[in-house]
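Asker: Attaching a predicted model along with its sequence, questions to come.
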Amino acid sequence: MLTRRVLLAATAATPLAGLAASEAVAATPKGVVVMVKQIDDVVSFDPAEAYEFTNNEVNGNVYRRLVVPDAKDHSKVTGDLAQSWTISPDGLVFTFKLKTNAKFPTGKVLTADDAAFSLQRVVKLNKTPGFIISQFGFTKDNVEKLIVAKDATTLEMTLPSAAAPTFVLFCLSAAVGSIVEKATVMAHDVGGDLGNAWMKTHSAGAGAYQLTEWVASDHITIDANPNSGIPVGVKRISIRHVADPSTQMLSLQKGDADIARDLTPDLLTKVKADKGYTVVESGQGNSMYLAMNQNVPELQKPQVHQAIKWAIDYEAIAKNITPNQWVVGQGFLPVGLPGAMTDKPFKKDVAKAKALLAEAGYPNGFSISMDFYSSAPSADIAQALQADLASIGIKVNLMPGEQKQVITKTRARTHQLALLSWGTDYFDPNSNSQAFCENPDDGNDSKLKILAWRSHYVDKELSDMSLAASKELDGAKRIAMYKDMQVKFAQRAPFAILLQKIASAGLGKGVSGLVIGPLPDFTNYTSIKKA
Amino acid sequence: MLVTFLIGRVMPIDPVIAIIGDHAPEDVVQRVRVELGLDRPLYVQFGIYVWQLLHGDLGRSVMTSNTVVEDIQRYFPATIELATVAIIVATLVGVPLGVLAAVRAGSKTDVGIRILCLAGHSIPIFLLALISLLVFYANLGWAPGPGRADVAFEGLVPVVTGFLTIDSLIAWDWDSFYDALAHLAQPAGVLAYFSMAYIARMTRAFMLDALAGEYVITARAKGLSQLRVIWRHAFGNIAVRLVTVLALTYAGLLEGAVVTETVFSWPGLGQYLTVSLLNADMNAVLGATLVVGLIYMALNLLADAAYKLLDPRVS
C-alpha cells in the first residue's frame, strides 16, 4: 500500500539511488559519444539561417570559416580556412589567401569560389543571421561584385564603406560565415532557394564532422568527415533530446550518456563533488539584465537608474540562486569578449540607493511592474529583485510570462521593468554596444529595434560613440572606446546589467576533451575522447 | 478548429519572433510576417488554412522544416505505441481490480485497492515518472534509460509502420525488438498505472451499482454461481458504460501524455504539440489538434458501435 510514509521514504531514498547509480560503468557504444541536451530549439541547420544555440554549436563543428577567434587570446582572430589576409590601408578591401587542404565530405577541395558563394548566399537569402554580413553594406544587388574569388585560393571582399577591420573579421568568424560546398548546395536548389530547403536538414561543410541525421526534438547524429584532415577523438556524436535535467543526470550516472549539457546548479554541485566525473565550463556572451522603460515617468531620471543599480544584491543572487550557472557581470560586454569590463561598480548599498531615489523626487518610492520569464532561474531572481527594490521603497508587481510572450511585450515597448537576457550575436563588441546603446530613431518605424529602442533609451553621445567605434581602424583605440562607453553606460543607462552566464557540462567517467566556447559556435567537439 | 486557430492568433506571442528569434532585424521580421501570411486579416488567414486543409495540406512546420503531415506520421506512431500498451495493461489490471473491489466492498481488499487507485490518480504523473526512473532505471537497473531506443540500435530498423516494436519484428531484428520493448516498459507502465487507477475506480462504482440491482438479487436467488452472477449478470450490464470509459481514457492517452513523454524523452505527439505551442508553430499545433479531435470522434464512434455488440437493446 502506498502511504505518505512510503512515498516520503521512496523520495528520500532517491538521491541515494542516484549515488549508487554513479558507480555504473559507461555503457554507450565504443567510438560513439552520447550527449544529452535540450535540442528543441533547432529550426534549421543551414548556416545562412541557423541562429539558435544547438544548431550553431553543431554547425561550428560541421563547417569551417575564414577566420576564428584565437583560442588563447579572444581579442584576436586567427586563420581557419584563411592562410593569411591583407587589408587595404583605407580598410575597404580584404584579401584572403586560402589554405588548400580543406576538403568537403565529397572529397572536393574547398576553394575561394565556395567561400565567395557562401557569403553571397547569406546576403541573398537574408535570413535571421544575414545581417551579420550584410550590415557592412552588402545587398543582393552588389554582393556578387563585392565578394569575389580571384582564383582558386584568393578571395577578395570589398566593403561599400569602411568598417573597423576587427569588426569585419569577427563577423566573418560567426557561424553565418561558414563556408558551404557550392556544387552540393546548388545541386539541391529548388526554385531559386539556393538549396535552403535541403540545407535545413543536411550539411555541406568541410568541418571535422558532417550532419548525418536530425529528428526534431529527438536526436542529432553527426559523423566524422573522412576528408576533413582534422583529427577527431570519436567518429560519431549522438546528441539526444533529454529535456529534464534530472533525467540527464541519471543518464550520465548510469553511463547511458557521456556528456550532460543542461544540469541545474544543484546537480552540477553534485557532479563536481564526485571525482569520477568532470565538469567543463566557460563564460558565455550572454547577459541577464534589468531593463527600465523610459516611457514610464518614474523610471526616467538617471538617479532612479542609479538607485535601482545600488539596491540590488548581485553577489547574493549569484551565490544563492545561480551558483555554477550565472556570475556577477555588470558591463554590457560579457567577460571574454574583446573590450569587456571586468569591474563591478555596483553592490548593494541601501542608504545610497535611498538617497538617490530621494534626489530623484521619490523619497517614498513608487510602484512598478516587472515582466520576467516564468522559468528558472528568472523567476527566483525576479523575487530577489522585488525584495531588494522593496528595501528602498520601490514596490514591484511581478508579472511572469512565457519567454516569447515577454519578448513580444518588450518589443512592443509596453513593459515597465523587465528582467531579460541577451546573447551576443557575434564575437565583436559592436554586437552588444549597438544593442544597448544605439537608437538613432526612437519612432515606431525605426529600422533598428534592438534593446535601446525597446526601452525608449535615447543617448546620442553613446549612440554616436558606438557607431564611431564600429568604424575605428585602430584596434587598440577601438577597444579603449568600448571601455569608456561601458563606464558611461553604467553611470546613466536605464539598464542594470546583473549576471553573465556560465555554460557547464558534466562529463562521464573516462570522457574528456569537450571545449565549451564563449559562443555556441565556438564549442569544439574534435578533442572529445572516450576511454 | 476555429477556436484553436483563433487562440493561436490572439495569444500574446508574436509568431514571427517565436520562429525567427528575438535578434532578427526588422526587415527580416516584416518579410517573414508577409511570407507566413500573418499580415492578412484573420478571416483570410483562416480561409486559406481551411482551403489548404480541404486539399490535404496541413502546411509546413517551421520548427522541424517538414510538412505537418510528415511530422504527424513520424511522431504519432510513438504515441500510439505507448498509449496502446498502456491502455491494454491498464484494462487488464484495472477492470479485474475494480470488480474485485466492488465484490468485496468494505473489506480490507477493497480499501487496499481504493488506496492504490487513489494514489495512482492523485500523485502527479511527473513525480510517478521520476520515481519510476530513479527506482527502476537508476537504482535497480531493471529498465533502460529515457528515449525510444538505445543509441546502438538507432536507425538499424527500417521504418515501415513507425511502430518500433512492429518494425523490428518485420525486420526480424530481435535485439531491436527487445530494446524497443524495454524502453516502452517504463513510460507505458507509468501511464498504465495512472489509467488503471481511473478504470478501476469507475469499474468499482459501476459494479457496486449493478450488484445492487434487482436482477442480480434474482440471479443469486436462482442459485447461480458467484462467478456467473458477477461476470455474466453484473459485469455484462456495465460493459457498455465501461467501454465509454476505456475509449475516452485511450483517447486521452493518444492525445499525448505530455509530461510522461517529456520525462522519458519520448518523441511523441504530446511533446511535438507542446514544443510547437511554445514556439507558436501554429500549423503544427492546428494539425496535431486536428488529429487529436479526429481521434476523439473516431473512438467515440467505435464506442457507439461497440454498444450495439454488447447490448442487444441498443438499436
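Answerer: That came in fine, so what should we check first?
Asker: the helices in the stretch 201-315 of chain B, which residues?
Answerer: Counting by DSSP state H, counting those that start in this stretch, the stretch 201-315 of chain B forms helices over residues B:214-221, B:226-228, B:235-254, B:258-263, B:269-278, B:282-310, given from the N-terminal end onward.
Asker: Pipe those helices into CSV and attach distance to chain A, mean pLDDT and mean neighbour count per row.
Answerer: C-beta here means a position set from N, CA and C on the backbone, and glycine is covered the same way. Output for those, formatted as CSV (distance: least, Cβ to the nearest Cβ, whole Å; pLDDT from 0 to 100; neighbours: other Cβ atoms under 10 Å in any protein chain shown):
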stretch, distance to chain A, mean pLDDT, mean neighbour count
helix B:214-221, 30, 89, 13
helix B:226-228, 26, 87, 10
helix B:235-254, 19, 88, 20
helix B:258-263, 5, 85, 23
helix B:269-278, 5, 85, 25
helix B:282-310, 10, 85, 18
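Asker: To residue B:49, which of those lies closest?
Answerer: In terms of Cβ to Cβ, the element of the helices of the stretch 201-315 of chain B nearest to residue B:49 is helix B:282-310, at 7.0 Å.
Asker: Pick out the residue in the stretch 101-250 of chain B sitting closest to chain A.
Answerer: Among the residues of the stretch 101-250 of chain B, residue B:139 lies closest to chain A, at 3.5 Å counting by Cβ to the nearest Cβ.
Asker: meant to ask about the stretch 151-300 of chain B, not that
Answerer: Closest residue of the stretch 151-300 of chain B to chain A, Cβ to the nearest Cβ: residue B:267 (4.1 Å).
Asker: I'd like to check which residues are in contact with that residue.
Answerer: A:215, A:217, A:218, A:241, B:74, B:75, B:78, B:148, B:261 (Cβ atoms under 8 Å, 6 or more residues apart in numbering or on different chains).
Asker: Return the distance of the nearest residue to residue A:473 once chain neighbours are set aside relative to residue A:164.
Answerer: Computed as Cβ to Cβ, 6 or more residues apart in numbering or on different chains, the closest residue to residue A:473 that is not its neighbour in sequence is residue A:91, at 5.0 Å. Residue A:91 sits at a distance of 7 Å from residue A:164 (criterion: Cβ to Cβ, to the nearest Å).
Asker: shared neighbours of these two, anything?
Answerer: Where contact means Cβ under 8 Å, 6+ apart, the residues bridging residue A:91 and residue A:164 through contact with each are residue A:473.
Asker: Between those two, tell me which one has more neighbours.
Answerer: residue A:164 (23 against 18; other Cβ atoms under 10 Å in any protein chain shown).
Asker: Dihedrals phi and psi, the closest residue to the more buried one other than its chain neighbours?
Answerer: The shortest distance from residue A:164 to any non-neighbouring residue, by Cβ to Cβ, 6+ apart, is to residue A:472 (5.1 Å). Main-chain dihedrals, residue A:472, degrees, to the nearest 10: phi -70, psi 120.
Asker: what do you get for residue B:76?
Answerer: Summarising the backbone geometry of residue B:76 under the convention degrees, to the nearest 10, its torsions are phi -70, psi -40.
Asker: Would you confirm that it contacts residue B:269?
Answerer: Yes - Residue B:76 sits in contact with residue B:269 when judged by Cβ atoms under 8 Å, with a separation of 5.1 Å.
Asker: Quick check: neighbours shared by these two?
Answerer: When contacts are counted by Cβ under 8 Å, 6+ apart, the set common to residue B:76 and residue B:269 consists of residue B:291.
Asker: Next up, phi/psi of residue B:51, please.
Answerer: Taking degrees, to the nearest 10, you get phi -60, psi -40 for the backbone angles of residue B:51.
Asker: my bad, should have said residue A:327
Answerer: With angles defined as degrees, to the nearest 10, residue A:327 sits at phi -120, psi 160.
Asker: give me every residue that touches it.
Answerer: A:283, A:318, A:499, A:500, A:502.
Asker: In the stretch 51-200 of chain A, where is pLDDT below threshold?
Answerer: Applying pLDDT under 70 to the stretch 51-200 of chain A picks out no residues at all.
Asker: can you rerun that using 90?
Answerer: A:51-53, A:69-76, A:128 (pLDDT under 90).
Asker: need the residues of it near chain B, please.
Answerer: Proximity of the stretch 51-200 of chain A to chain B (Cβ under 8 Å from any Cβ of the partner chain) is limited to residues A:51, A:52, A:126, A:127, A:128, A:129, A:130, A:131, A:197, A:200.
Asker: Which of those residues are buried? Put it as a ChimeraX command.
Answerer: Paste this into ChimeraX to select the buried members of those, with burial taken from 16 or more other Cβ atoms under 10 Å in any protein chain shown:
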select /A:51,52,126,127,128,129,130,131,197,200
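Asker: okay, the residues of the stretch 51-200 of chain A next to chain B in JSON lines with secondary structure next?
Answerer: Supplementary listing: these in JSON lines, determined by DSSP: H, G, I helix; E, B strand; the rest coil:
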{"residue": "A:51", "secondary structure": "coil"}
{"residue": "A:52", "secondary structure": "coil"}
{"residue": "A:126", "secondary structure": "coil"}
{"residue": "A:127", "secondary structure": "coil"}
{"residue": "A:128", "secondary structure": "helix"}
{"residue": "A:129", "secondary structure": "helix"}
{"residue": "A:130", "secondary structure": "helix"}
{"residue": "A:131", "secondary structure": "helix"}
{"residue": "A:197", "secondary structure": "helix"}
{"residue": "A:200", "secondary structure": "coil"}
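Asker: returning to what we had before: can you redo the contacts of residue A:327 as JSON lines with distance to chain B?
Answerer: Listed next are the contacts of residue A:327 as JSON lines, based on distance: Cβ to the nearest Cβ, whole Å:
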{"residue": "A:283", "distance to chain B": "20"}
{"residue": "A:318", "distance to chain B": "24"}
{"residue": "A:499", "distance to chain B": "18"}
{"residue": "A:500", "distance to chain B": "18"}
{"residue": "A:502", "distance to chain B": "21"}
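Asker: coming back round to it: show me the two of the residues of the stretch 51-200 of chain A next to chain B that sit farthest apart.
Answerer: A:131 and A:197 (21.6 Å).
Asker: per the record, what domains does chain A have?
Answerer: A:17-43+A:214-279+A:503-530, A:53-199, A:283-502 (automatic domain parsing).
Asker: So which of the ones you listed is nearest residue A:206?
Answerer: Ranking the domains of chain A by their distance to residue A:206 (criterion: Cβ to Cβ) puts domain A:53-199 first, at 4.5 Å.
Asker: Kindly check the end-to-end length of the closest one for me.
Answerer: With Cα to Cα, to the nearest Å as the measure, domain A:53-199 spans 17 Å from end to end.
Asker: Please enumerate the strands of the stretch 351-500 of chain A.
Answerer: The residue ranges that make up the strands of the stretch 351-500 of chain A, judged by DSSP state E, counting those that start in this stretch, are A:367-373, A:395-401, A:417-423, A:495-507.
Asker: and the last one, what other elements does it pack with?
Answerer: In terms of contact count using 3 or more Cβ pairs under 8 Å, 6 or more residues apart in numbering or on different chains; DSSP states H and E, strand A:495-507 is assigned the packing partners strand A:259-260, helix A:265-273, strand A:278-292, helix A:302-311, helix A:314-320, strand A:326-328.
Asker: starting at the chain centroid, how far to the shortest one?
Answerer: This points to strand A:259-260. The gap between the average C-alpha position of strand A:259-260 and the chain average comes to 19 Å, counting by Cα atoms, centre = their mean, to the nearest Å.
Asker: Then stretch A:223-238?
Answerer: The chain centroid and the centroid of stretch A:223-238 are separated by 25 Å, computed with Cα atoms, centre = their mean.
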